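Chemist: Fold the following and give me the result.
(chains A and B)
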Number of protein chains: 2
Amino acid sequence: MLDPIRLKILGSGSALPNKNRFHSSQLLEVAGRQYLIDCGEGTQIRLWQCVGRTSRLHQVFISHLHGDHCLGLLGLISSFAMLGRSNNLEIYSPPGLEELLRPQIDFFCKDRNFEVVFYPFSPYRPEVIYEDKTLTVSTLPLKHRVPTCGFIFKEKEKELHLNRAMLDAFSVPISAMKSIKLGADFVDERGVVVPNAKLTLPADKSRMYVYCSDTIYSEKIIPLIENADCLYHEATFMDKDAQRAKDTFHTTASQAATIALKANVGKLILGHFSSRYKTIDGLLDEAKTIFENTSLATDGGEFTF
Amino acid sequence: MLDPIRLKILGSGSALPNKNRFHSSQLLEVAGRQYLIDCGEGTQIRLWQCVGRTSRLHQVFISHLHGDHCLGLLGLISSFAMLGRSNNLEIYSPPGLEELLRPQIDFFCKDRNFEVVFYPFSPYRPEVIYEDKTLTVSTLPLKHRVPTCGFIFKEKEKELHLNRAMLDAFSVPISAMKSIKLGADFVDERGVVVPNAKLTLPADKSRMYVYCSDTIYSEKIIPLIENADCLYHEATFMDKDAQRAKDTFHTTASQAATIALKANVGKLILGHFSSRYKTIDGLLDEAKTIFENTSLATDGGEFTF
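Modeler: As a prediction, this is how the structure comes out:
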C-alpha cells in the first residue's frame, strides 16, 4: 500500500490576511518527512494547529521575497528555539533573504541550539535545489513583480515490487532480493539467468507535486509540470478582474485551470485568493468549466494523492 | 454621558501561540482614538477581525524587544501600505527596534505613502513618552529578562461641567463659558464676582489604564499605578509553577492579584498565559481568592471602563 503524499494548507489567503485565511504556507508530507513551502505571518500558528509541535520539518522553500510569503519565518524560528529544537533548519529562497533576516534571527532567537542555514537559488533557471533519499525539489521560474519561483517536488524512482510467488518458485535467497528490487536479473547456483521481469512487479509511480505562486499566466511552465499528480496554482482573481490580475502579475482561476488542462495534471488546487471576494465559489465555478478536478484551498485543509 | 474606554484584546497568549491565543497585542480606544499596545505575530489578523481596516490608529507602544511582542509589526506596516495609508505611524519602544526593523521596512514595504517613525524611550525610568489632547502615556519600568516597560495611559484633567440653571440665573453670556469650564470665576457687567463653584459641576474623572507585561513580581510599580481604573497584568503561571515564574522573570496569577489589591485598582485583567495549561480556569480561581474583580483576557474580547 502506497503511503499517500499529504498536502496541508496552512495559509490560503493573499496580501490581506484574515482569521480564516492566513498568508501563504503549505506543509508537504512525503514518506514521513515534512517540507514547508512559503511561510507567511501566522504559519507557526497553523502548523501547531495542523500537525502539532513537529520535529520532522527540516527544509523550508520560499518562493519569493514578498512579506506575505516569508514574514512568518522569524516567529517559527523563535518557537523552534523555545521548543528546544536541535536540528538545523534549511531555508531555500531567492537571494537576499539571509541578509534581511540574519540580524533579527541573531537578536530574537539568540538562545537556540540549531543553525538556520540559507540556500539562495537563482530564480531565473530551473534547477534541482534539494535532494534526499525520497525526492528532489526543483525550481520553476515564474513571472511576478519580484524574482519568484514555484517548486516541483518529485519522488525519486522507486524500487520494483518483488513477486513473492515467483521468488519462491525460483528459490531466490533473501540475500539476492535487494539487487532484484533495483532491477538486477537473478542467476541461480547452476548459472541459469532468471530475467528481472519474471521476478518483479512494476514499481509504484513516482509522484509529482507542483507549487505555483505568485505568477502572471504563463504557458512557459507547462513543459516542466506536465503530468504532475497535483498542481497548486495561485488564483488571486476572477475573470472579471483579469486586467487587474495582469497588472499585478497574478492569475485568474480560469487561467490556472487552463494551465492544469494543458499540462494534463491529475488535480488542481487553487489558492492565494484576493480578499476582495466575499465568497470564492465563483472562482471554483470558473475553473471547473475548464478543468473539472479542481478544489479550493482552505486553511487547515488537507489533500492527499 | 461619559464615553467608555474600550480595551480590545488582540492577543492573549505567551511565547507559543495557538489559533485561540495569539501573541500579545491590545487595542485601546479612548475618545475616538486608537492606541496599539504590543504587536505580536498575527496582530493584523486580529485587528481586521476586531475593528476592521482602521485608519484611526497612529501610535504603537512596544513593551520590550521579545519576538512575541513585536514580530507582527512588519506585517501590519505592509498591510497599511497596501491599504493606502497616508498618515505616519509612530512606534514607541525601548532602544534598538528601528535598527532591527528598518532594513525590512525598506525592503518589504517600499511602496508606502507614510513614514514609520520610531521613538525610543529609556526603559529604566518612568517618563511621559506621548501626549495628545486626550491623554498621556507614561512608561512603567518592569523587571524582565530584557529591558521592559509597561505603559500607563492617563486621561488629562477634563473640563468642568456647566450648571445650566445657575448660568441662566446669573445671565452668563456664551462667550464666558469656555473659561468657566476651565475653572474661571465669572465677573458680571457690574463687577460682581460669581465663584466658579457656583456655576459648575465636577468634571468627569480622568481614567487610567495600566498595561503590565512581562515582569517578575515587583511591588515597586505599586505607587505608580495606584487607583488605576483597570490594570492588565501578565499572569503567565499558576502558583504551583511560582519558581518557574521567578526563574523566567514572569508572574503568577495570584501575584498579579496581589499587585491589583495593593494598588487598589478598579479591575484586573490577566493575560500572557503559558501554553502549558490545558485550561486556565485555575489561574482565575487563584487570582480571585485575592482580588475578586479579575477577568481573563481572551483574543477578541473587549473590556470597557
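Chemist: and chain A, which residues reach chain B?
Modeler: A:15-19, A:22-23, A:41-42, A:44-46, A:48-49, A:65-68, A:71-72, A:74-75, A:78-79, A:82-83, A:96, A:100, A:103-104, A:107-109 (C-beta under 8 Å from any C-beta of the partner chain). To be clear about C-beta, it is placed using only N, CA and C from the backbone, and glycine gets the same treatment.
Chemist: Of these, keep whichever come out buried.
Modeler: A:15-17, A:19, A:22-23, A:41-42, A:44-46, A:48-49, A:65-68, A:71-72, A:74-75, A:78-79, A:82, A:100, A:104, A:108-109 (16 or more other C-beta atoms under 10 Å in any protein chain shown).
Chemist: Just the ones of those in helices?
Modeler: Residues of those located in helices (DSSP state H): A:44-46, A:48-49, A:67-68, A:74-75, A:78-79, A:82, A:100, A:104, A:108.
Chemist: Show me which pair in those is furthest apart.
Modeler: A:Gln49 and A:Leu100 (27.0 Å; C-beta to C-beta).
Chemist: so where's chain A uncertain?
Modeler: A:1 (pLDDT under 70).
Chemist: can you pull out the helices in it?
Modeler: A:43-51, A:67-70, A:73-82, A:97-108, A:164-169, A:177-181, A:196-199, A:222-225, A:242-247, A:253-262, A:281-290.
Chemist: can you tell me which of those comes nearest to A:Ala235?
Modeler: helix A:253-262 (4.0 Å).
Chemist: Return the set of buried residues in that closest one.
Modeler: Applying 16+ other C-beta under 10 Å to helix A:253-262 flags A:Ala253, A:Ser254, A:Gln255, A:Ala256, A:Ala257, A:Thr258, A:Ile259, A:Ala260, A:Lys262 as buried.
Chemist: now, among those, which is nearest to B:Ser206?
Modeler: The nearest member of those to B:Ser206, counting by C-beta to C-beta, is A:Ala253 at 55.1 Å.
Chemist: Distance check, the closest residue to A:Asn113 other than its chain neighbours against B:Arg190.
Modeler: Distances taken as C-beta to C-beta, 6 or more residues apart in numbering or on different chains put A:Ser86 closest to A:Asn113, at 4.9 Å, once the chain neighbours are dropped. A:Ser86 sits 89 Å away from B:Arg190 when distances are taken as C-beta to C-beta, to the nearest Å.
Chemist: Tell me which of those two has more neighbours.
Modeler: Neighbour tally, A:Ser86 and B:Arg190, criterion other C-beta atoms under 10 Å in any protein chain shown: the higher count belongs to A:Ser86, 9 against 5.
Chemist: Pretty sure the more buried one sits against A:Glu115.
Modeler: No: checked against C-beta atoms under 8 Å, the pair A:Ser86 and A:Glu115 is beyond contact range at 10.2 Å.
Chemist: ok, back up a step: which one, of the helices of chain A, ends up nearest to B:Thr289?
Modeler: Using C-beta to C-beta, these put helix A:73-82 closest to B:Thr289, at 30.6 Å.
Chemist: Return the closest one as PDB; C-alpha atoms alone will do.
Modeler: Below are the C-alpha coordinates for helix A:73-82, written out as PDB (Å, rounded to 0.1, in the frame of the first residue of the first chain):
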ATOM      1  CA  LEU A  73       9.900  32.700   9.500                       C
ATOM      2  CA  LEU A  74      11.100  34.700  12.500                       C
ATOM      3  CA  GLY A  75       8.200  33.500  14.700                       C
ATOM      4  CA  LEU A  76       8.700  30.000  13.500                       C
ATOM      5  CA  ILE A  77      12.400  30.000  14.200                       C
ATOM      6  CA  SER A  78      11.800  31.700  17.600                       C
ATOM      7  CA  SER A  79       9.300  29.000  18.600                       C
ATOM      8  CA  PHE A  80      11.600  26.200  17.400                       C
ATOM      9  CA  ALA A  81      14.300  27.600  19.600                       C
ATOM     10  CA  MET A  82      11.900  27.700  22.600                       C
END
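Chemist: quick one, that helix and helix A:43-51 angle?
Modeler: Our comparison of helix A:73-82 with helix A:43-51, counting by axes from the mean of the first three to the mean of the last three C-alpha atoms, to 10 degrees, yields an angle of 60 degrees.
Chemist: got the contact list for helix A:73-82?
Modeler: Applying C-beta atoms under 8 Å, 6 or more residues apart in numbering or on different chains, the set of residues contacting helix A:73-82 from outside is A:39, A:41-44, A:47, A:60, A:62, A:89, A:91, A:101, A:104-105, A:108-109, A:111-114, A:116, B:15-17, B:23, B:41, B:67-68, B:71.
Chemist: try it again with 7 Å
Modeler: With contact meaning C-beta atoms under 7 Å, 6 or more residues apart in numbering or on different chains, helix A:73-82 is reached by A:39, A:43-44, A:89, A:101, A:104-105, A:108-109, A:111-112, A:116, B:15-16, B:41, B:67, B:71.
Chemist: re earlier: out of the buried residues of helix A:253-262, which comes closest to chain B?
Modeler: Closest approach to chain B among the buried residues of helix A:253-262 (C-beta to the nearest C-beta): A:Ala253, at 21.5 Å.
Chemist: Wait, that closest one touches A:Ala235, no?
Modeler: Yes: if you go by C-beta atoms under 7 Å, A:Ala253 and A:Ala235 touch, sitting 4.0 Å apart.
Chemist: what do those two both touch?
Modeler: With C-beta under 7 Å, 6+ apart, A:Ala253 and A:Ala235 have common neighbours A:Leu270, A:Leu283, A:Ala287.
Chemist: what's the spacing between the most far-flung residue of chain A relative to its centre and chain B?
Modeler: Using C-alpha atoms, centre = their mean, the residue of chain A lying farthest from its centre is A:Arg190. It sits 49.2 Å away. If you measure A:Arg190 against chain B using C-beta to the nearest C-beta, to the nearest Å, the figure is 66 Å.
Chemist: quick one, phi/psi of that residue?
Modeler: Backbone torsions of A:Arg190, given as degrees, to the nearest 10, read phi -90, psi 0.
Chemist: how much space between it and A:Asp68?
Modeler: For A:Arg190 relative to A:Asp68 (C-beta to C-beta), the value is 67 Å.
Chemist: what's the answer for A:Asp38, then?
Modeler: Counting by C-beta to C-beta, the gap from A:Asp38 to A:Asp68 is 9 Å.
Chemist: Next, show the common contact partners of the two.
Modeler: A:Ser24.
Chemist: tell me the domain boundaries of chain A?
Modeler: For chain A, automatic domain parsing gives the domain ranges A:6-158+A:204-301, A:161-201.
Chemist: looking at those domains, which is buried most?
Modeler: Among these, the stretch with the highest mean neighbour count (mean count of other C-beta atoms under 10 Å in any protein chain shown) is domain A:6-158+A:204-301, at a mean of 20.
Chemist: Start and end of that domain, how far apart?
Modeler: 10 Å (C-alpha to C-alpha, to the nearest Å).
Chemist: go on, stretch A:269-289?
Modeler: 14 Å.
Chemist: which other residues reach it?
Modeler: Stretch A:269-289 is contacted by residues A:9, A:12-14, A:16, A:18, A:21, A:24, A:213-214, A:230, A:232-239, A:253-254, A:256-257, A:268, A:294-297, A:303 when judged by C-beta under 7 Å, 6+ apart.
Chemist: And stretch A:134-147, by the same measure?
Modeler: Contacts for stretch A:134-147 (C-beta under 7 Å, 6+ apart): A:30-31, A:33, A:61, A:64-66, A:94, A:121, A:123-130, A:148-156, A:210, A:212, A:214-216, A:218, A:221, A:224-225, A:249.
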